[in-house]
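Chemist: Here is a sequence together with a model predicted from it:
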Amino acid sequence: MTIAAPPTRRDIAYRGFHLPADTTAGSVDGLLATDRGLTLDGAVERGTWTAPPVRVGFPVAEVVPSWIADTPDDCWIEVELRGWHDDAASTDWYPLARWAAGDHAVRRTSVPGQRDGDARVDTDTLIVTGATVTGWQARVILCRPAGSPTGPVLRGIGAVATGATLTDQGYEQEPDSVDARGRVLDVPRYSQRLHAGQYPQWGGGGDSWCSPTCTSMVLAYWGAEPAPERYAWVEPSGPRPVVVHAARHCYDHAYAGAGNWPFNTAYAGLHGVDAFVTRLRSLVEAEAFIAAGIPLIVSAAFRADEVPGLAYDTGGHLMVLVGFTADGDPVLNDPYAPDDDAVRRTVPRRQFEAVWQRGSGGVAYVLRPASVPLPPPPAQANW
């Protein structure tokens, strides 16, 4: 079937804050800046860093946060967003996450059931409904129980804001990245379906572990996967115990799945890489990352007859974009394969771009060591 090419002119803006470097850009209450990031000051049990308002210059439809933090077993952080317009907040604060690296004492969870006349929360996304929003503001609360000798460390927080899709610029008007054509990155191939029926308390493998499987593939590409002793508890060890580790530590107890976008990038951030969620306007923007040697984890939704090579239905699926053919067709590591050998797939460019943009608005997880530079961003920076 023929799918119309998606527009590439979209209002998307990402802004990240790196801590402790950006500490004074926001406001601090009960926190201390250290070389590792922001941590609780003295014996206090809660402390807050509030980012400055980020004005994006267009009407905002959605905001997706992402963060990097470390939390001992009994500690956690809470991530909140609110809309901003002109010189004032235009919505209340909405909690997006109660997040912890582990799950021994704190249930990692999004916060469902939030809806008012201004906005609503859909798992990992703040969706503007009635308010006028042209910017956003984040607030992170660091928490620990009374008497705990350790506390969480906040190392970064950011968000991507997205406006309405526009149609004033077409697919063919963007230049292609010659450096990405014919380049395929050597990302390991992991199948999520090898884990079907495993660990139902974390989603049961099989159909539901696409996101942590992709995150594991990209961490392995960077040589940043957790050490074997970190997942020695997996029993039986099975085909890929590191994927079980990722699924457990990305699992969202309210969403009842391991596909929460910022939970996956936060997990990656525990393993020494810089990681964030953004949206890209087209595969041309994705080519810039491949040319820089950075694979992307992308989210798409499609029917079995829409993209040749992806013959199944999905309401939302994560894959690793590992490169492009000489003709510009995407090369994917698709974890929804029967085994590791079948993970690598090449798909038609136009059809895949359409279901990626339509399905998630071009969502991409960006994971890379700090020593690997990002490609130069476009004028309206979305990374």
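Modeler: The structure has been received and is ready for your questions. Residues are numbered from 1 along each chain as shown.

Chemist: which stretches of the stretch 101-250 of the chain have low pLDDT?
Modeler: 165-176 (pLDDT under 70).

Chemist: Number of residues surrounding residue 58?
Modeler: 19 (other Cβ atoms under 10 Å). Just so you know, the C-beta spots here come from the backbone N, C-alpha and C atoms, and that holds for glycine as well.

Chemist: Am I right that it is in contact with residue 134?
Modeler: Yes. At 6.6 Å, residue 58 counts as touching residue 134 under the criterion of Cβ atoms under 8 Å.

Chemist: Adjacent strands (with direction) for the helix or strand where residue 156 lies?
Modeler: If you go by DSSP states H and E, residue 156 is part of strand 153-165. Counting by DSSP bridges, the strands paired with strand 153-165 are strand 10-18 (antiparallel), strand 37-40 (antiparallel), strand 62-70 (antiparallel).

Chemist: Could you dump the ones you listed into a markdown table and include mean neighbour count and distance to residue 366?
Modeler: A markdown table is the format used below for the strands paired with strand 153-165 (neighbours: other Cβ atoms under 10 Å; distance: least, Cβ to Cβ, whole Å):
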| stretch | mean neighbour count | distance to residue 366 |
| --- | --- | --- |
| strand 10-18 | 21 | 9 |
| strand 37-40 | 24 | 19 |
| strand 62-70 | 25 | 9 |
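
Chemist: So which of those strands is nearest residue 144?
Modeler: Proximity to residue 144 (Cβ to Cβ) singles out strand 37-40 among those, at 6.4 Å.

Chemist: gap between that closest one and the chain center?
Modeler: 23 Å (Cα atoms, centre = their mean, to the nearest Å).

Chemist: hey, where'd the strands end up in the stretch 51-200 of the chain?
Modeler: 54-55, 62-70, 76-85, 88-89, 94-99, 119-122, 125-128, 135-143, 153-165 (DSSP state E, counting those that start in this stretch).

Chemist: Mind putting those into CSV with distance to residue 193?
Modeler: Putting those into CSV (distance: least, Cβ to Cβ, whole Å) gives the following:
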stretch, distance to residue 193
strand 54-55, 40
strand 62-70, 27
strand 76-85, 32
strand 88-89, 45
strand 94-99, 28
strand 119-122, 27
strand 125-128, 27
strand 135-143, 36
strand 153-165, 30
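
Chemist: before we move on, back to that, output the strands paired with strand 153-165 as CSV; include the columns mean pLDDT.
Modeler: Converted to CSV, those look like this (pLDDT from 0 to 100):
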stretch, mean pLDDT
strand 10-18, 97
strand 37-40, 98
strand 62-70, 99
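
Chemist: Out of those strands, which is closest to residue 378?
Modeler: Taking these one by one with Cβ to Cβ, strand 10-18 is closest: 9.1 Å.

Chemist: Just checking the distance from that closest one to the centre of its chain.
Modeler: 13 Å.

Chemist: what angle separates that strand from strand 135-143?
Modeler: 30 degrees (axes from the mean of the first three to the mean of the last three Cα atoms, to 10 degrees).

Chemist: and after strand 10-18, which helix or strand comes next?
Modeler: strand 27-29.

Chemist: what about that next one, distance to the chain center?
Modeler: Using Cα atoms, centre = their mean, the offset of strand 27-29 from its chain centre is 26 Å.

Chemist: Provide the contact partners of that strand at residue level.
Modeler: 38, 47, 48, 49, 50 (Cβ atoms under 8 Å, 6 or more residues apart in numbering).

Chemist: Turn the residues you listed into JSON lines, including secondary structure and distance to residue 335.
Modeler: Output for the contacts of strand 27-29, formatted as JSON lines (DSSP: H, G, I helix; E, B strand; the rest coil; distance: Cβ to Cβ, whole Å):
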{"residue": "38", "secondary structure": "strand", "distance to residue 335": "35"}
{"residue": "47", "secondary structure": "strand", "distance to residue 335": "38"}
{"residue": "48", "secondary structure": "strand", "distance to residue 335": "37"}
{"residue": "49", "secondary structure": "strand", "distance to residue 335": "35"}
{"residue": "50", "secondary structure": "strand", "distance to residue 335": "37"}
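
Chemist: From the residues you listed, list just the buried residues.
Modeler: 38, 47, 48, 49, 50 (16 or more other Cβ atoms under 10 Å).

Chemist: so who does the second one touch?
Modeler: By that I understand residue 47. Per Cβ under 8 Å, 6+ apart, neighbours of residue 47: 28, 29, 30, 31, 38, 40, 41, 141, 142.
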